[in-house]
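# Any chance you could fold what I've pasted below:
(one chain, ligands or ions: 1)
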Amino acid sequence: MSVSAQELEILSTKAIAAKGTAYCPYSKFQVGACILTTTGEFIIGANVENAAYPVGTCAERVAFGTAVVSCGCRDCRTLTDEEQVAGHKSFKALAVATNITPAASPCGMCRQFIREFTGPDFPIYMYDGEGNYKMMTMDEVSIHPRGVEV
Ligand SMILES: [Zn+2]
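Down below sits the predicted model:
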């Protein structure tokens, strides 16, 4: 299941924009994420820090958590109760964006979280501060995580 050029364009734009929603008063390190579901929905996340460091959550986990509990539609009033709680558990790609170069890769906790819902070939597009990306599959990023992990 490959990602089209148009889907990748939207994915990157949303992941980069999502950095702006980060709550990171402690690290000042903004991370944005965007997931593309197999049904064509784009769901964003950003890091949400806490004064107690381990309580903070990474952008990737915010995005996946949001997807799992969200119907993802633009107008929930048209859905049945069952559809509203159906959530997303099938995903096509993930983009993660930071302001550093080289691009950062998901941390160990996020890799574990992402793996729960994806397979070894799941593509992760990692964007650096200039909008350049490196793509690695879930398998590759798990075996050879590179750069700073976020
Ligand atoms: Zn993480």
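
# got the residues of the protein near the ion?
C58, C107, C110 (CB under 5 Å from the ion). C-beta here means a position set from N, CA and C on the backbone, and glycine is covered the same way.

# Enumerate every residue touching S12.
S12 makes contacts with C34, A95, A97, Y125, Y127, G131, Y133, as judged by CB atoms under 8 Å, 6 or more residues apart in numbering.

# Could you verify that it is part of a strand?
No. The assignment for S12 (DSSP: H, G, I helix; E, B strand; the rest coil) gives helix, which keeps it out of a strand.

# Any figure for the gap between it and S27?
With the distance defined as CB to CB, to the nearest Å, S12 ends up 23 Å from S27.

# Please produce a ChimeraX select command covering the buried subset of the contacts of S12.
Buried residues within the contacts of S12, by 16 or more other CB atoms under 10 Å, are selected in ChimeraX with:
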select :34,95,97,125,127,133
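
# which two from the contacts of S12 end up farthest apart in space?
In terms of CB to CB, the contacts of S12 reach their longest pairwise distance at C34 and G131, which sit 13.7 Å apart.
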